[in-house]
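> What shape does this take:
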Amino acid sequence: MIPRVIHYCWFGGKPLPEMAQWCLASWRKRMPDYEIVRWDEDNFDVYSVPYTAEAYRLGLYAFVSDYARLWILHHHGGIYLDTDVELLRPLDDMLARGPFMGQEQVIYPDGVTLYCAMGLGVACQAGHPFITRMLDHYRHTHFVSWTGRQGDTIVDITRRMLASEPIERLEDGIVRVAGFTVYPWPWLCPMNYFTGQMDIRPEAHAFHHYASSWVRDYSHQPLLEKLRRRLRAALTRVQLLIPQLSQRGG
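Numbering: from 1, shown residues only. Modelled structure (predicted):
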């Protein structure tokens, strides 16, 4: 059974912005019987795995949340929402079908690939096998390579892991895969991130405002800034490695 709790992450210590406060208010309004739990540095160890430690030291807190949400769901179960998700209606009918995820729109859909973005909304019971598999993947990976290059996003990782699972196609574009009911984009993501176009349909349960806290438009940065970022990331890896080497040497 999925616990009646909504989790969210907020790392970095800054006050919640107005949009986040607005979105949290919509959760309380649409799901008044649910407990809302905030996860931050006080109740989550951001240095528990190399991935989160590296992302945190670089100030890229949304990527810390990518692992944290998996850890939270694995240990506690419930619903996870990003702080830029506004609920338009209760999620009860989705929860009635058990664990769920939602897809977002892409520029070139192929009709086969599932583009699930967990920040849109994900729900399951504690110890869900697919969440455990994803958690294990993150435990054995780094946020950045030695060259400072950032690894795949959680959307990329989720897409690849779901691709190896058998899919049961249900009605109206809804599918069952890996123990989740996966809903097409109109349910949780009626705005196209790439075009900004909105298409709110009767089945819309939530609206993802795409605050894009994970984006630091690297493609438009000067070369020197890109090199600085990669150097900073590489130094972060070295700083994390030194204590481990000292313990082995001691």
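> Tell me which helix or strand Lys8 sits in.
Rather than Lys, residue 8 is Tyr. strand 5-9 (DSSP states H and E).
> can you list the residues that contact that strand?
Outside strand 5-9, the residues that touch it by CB atoms under 8 Å, 6 or more residues apart in numbering are 24, 27, 31, 34-40, 44, 61, 64-65, 68-69, 72-73, 76-83. The way it works is simple: take the backbone N, C-alpha and C, and place the C-beta from them, glycine included.
> what does stretch 169-179 give?
Defining contact as CB under 8 Å, 6+ apart, one finds that stretch 169-179 is touched by 98-99, 114, 124, 128-130, 161-162, 165-168, 181-184, 203.
> Which ones among these lie within helices?
Pro129, Phe130, Met161, Leu162 (DSSP state H).
> coming back round to it: tell me the mean pLDDT for the strand holding Tyr8?
The pLDDT scores in strand 5-9 average 98.
> Listing partners with orientation, what would you give for that strand?
Looking at strand 5-9 with DSSP bridges, its partner strands are strand 35-39 (parallel), strand 78-80 (parallel).
> Including mean pLDDT, mean neighbour count and distance to Pro3, could those strands go into TSV?
Supplementary listing: those in TSV, determined by pLDDT from 0 to 100; neighbours: other CB atoms under 10 Å; distance: least, CB to CB, whole Å:
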stretch	mean pLDDT	mean neighbour count	distance to Pro3
strand 35-39	98	15	8
strand 78-80	98	24	4
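> Which among the ones in helices among the contacts of stretch 169-179 count as buried?
Phe130, Met161, Leu162 (16 or more other CB atoms under 10 Å).
> which one of these is nearest Gln103?
Closest approach between those and Gln103, by CB to CB: Leu162, at 10.3 Å.
> thought the closest one was touching Tyr115?
No: if you go by CB atoms under 8 Å, Leu162 and Tyr115 don't touch, sitting 9.5 Å apart.
> where does the protein have low pLDDT?
For the chain, the stretches flagged by pLDDT under 70 are 145-150, 212-250.
> which stretches of it form strands?
5-9, 35-39, 78-80, 85-87, 100-102, 122-124, 167-169, 175-177, 180-183, 206-208 (DSSP state E).
> Tell me which of the ones you listed approaches Met191 most closely.
Met191 sits nearest to strand 206-208 of all these, at 6.5 Å, using CB to CB.
> Show me what that closest one is in contact with.
Taking contacts as CB under 8 Å, 6+ apart, the residues outside strand 206-208 that touch it are 81-82, 84-88, 91, 102, 104, 117, 119-121, 187-191, 200.
> List buried residues within the residues you listed.
Taking 16+ other CB under 10 Å as the criterion, what is buried in the contacts of strand 206-208 is 81-82, 84-87, 91, 102, 104, 117, 119-121, 187-191.
> quick one on the thing from earlier: need the strands of the chain in CSV (columns: distance to Pro109).
Formatted as CSV, the strands of the chain follow (distance: least, CB to CB, whole Å):
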stretch, distance to Pro109
strand 5-9, 28
strand 35-39, 32
strand 78-80, 25
strand 85-87, 22
strand 100-102, 14
strand 122-124, 20
strand 167-169, 15
strand 175-177, 14
strand 180-183, 14
strand 206-208, 17
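> if we compare those strands, which one ends up closest to Tyr56?
So among the strands of the chain, strand 5-9 is nearest, using CB to CB, at 11.6 Å.
> and the closest one, which residues are buried?
Per 16+ other CB under 10 Å, strand 5-9 contains these buried residues: Val5, Ile6, His7, Tyr8, Cys9.
> Skipping its backbone neighbours, what lies nearest the first one in space?
Think Val5. Gly78 (3.9 Å; CB to CB, 6 or more residues apart in numbering).
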